[in-house]
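J.: what would the 3D arrangement of this be:
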Amino acid sequence: MARLDPLPADANPDLQEAFQNFKRLLGYVPNSALVMSRKPKLVKALAQLASAVWDPASEVNIGFKRLVAYMASRTHGCNYSMAHAAEAAHRAGVNDAKLEAVIEYRTSPLYSEAERVALDFAVAAASQPNAVTDELFERMKRHWTDAQIVEIMGAVAINGFLNRWNDTVAPALEAEPVAFGEQHLARHGWRIGKHKR
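T.: Take a look at the predicted model:
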């Protein structure tokens, strides 16, 4: 059950550009942003950061970065953000087999060594306390440029904020990610309405 109800998308005309950014990135305006719209500057800042993290001109494949976000949210345990990240990865071109093998990325032949290291990094960076070691960072540098590491960490960090937000406010998950989660994530232990209490 949502702890704060989302406001209607047309409640604040000043947010229409920010909401268009979310529609471009996700295909809809997430309820988390509609709850947040009580503070328009916060919504605008989040939309700007999301546009930078998910920039189509990124050096790191957007679909893979969405898998990074998925693993960060999975590490945190935020089902709302997991569904968003997985659905967005799929929309960005990640096929069903690769998406459904993401939790077995360490052994799945669908993942390269560079991707395995990046997903290890995402899990470590999303852990509490942070579990990134100097050795893990050096492994990242063997496969990714400094700029690519910044992009990957951006995907982890924006989800860190969203995981905390969503697990605290407990917004209702939209119909699109619910359907996607039920089809693709249930075998990963995902279920609708599961929020930390």
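J.: which segments of this protein make up each domain?
T.: 13-53, 62-188 (automatic domain parsing).
J.: what about the first one, how long is it end to end?
T.: Meaning domain 13-53. 25 Å (CA to CA, to the nearest Å).
J.: can you check the last one too?
T.: Domain 62-188 stretches 22 Å from its first residue to its last (CA to CA).
J.: thinking again about what came up before, want to throw the domains of the chain into a markdown table with mean neighbour count and distance to L7?
T.: Where C-beta positions appear, they are placed from N, C-alpha and C, glycine not excepted. Formatted as a markdown table, these follow (neighbours: other CB atoms under 10 Å; distance: least, CB to CB, whole Å):
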| stretch | mean neighbour count | distance to L7 |
| --- | --- | --- |
| domain 13-53 | 17 | 5 |
| domain 62-188 | 19 | 11 |
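J.: adding mean pLDDT, write these out as JSON lines.
T.: Below are those laid out as JSON lines (pLDDT from 0 to 100):
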{"stretch": "domain 13-53", "mean pLDDT": "95"}
{"stretch": "domain 62-188", "mean pLDDT": "95"}
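J.: rebuild those as CSV, extending it with distance to P6.
T.: Converted to CSV, the domains of the chain look like this (distance: least, CB to CB, whole Å):
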stretch, distance to P6
domain 13-53, 3
domain 62-188, 6
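J.: which of those sits closest to D5?
T.: domain 13-53 (7.2 Å; CB to CB).
J.: distance from that closest one to the middle of the chain?
T.: On the basis of CA atoms, centre = their mean, to the nearest Å, domain 13-53 is displaced by 14 Å from the centre of the chain it belongs to.
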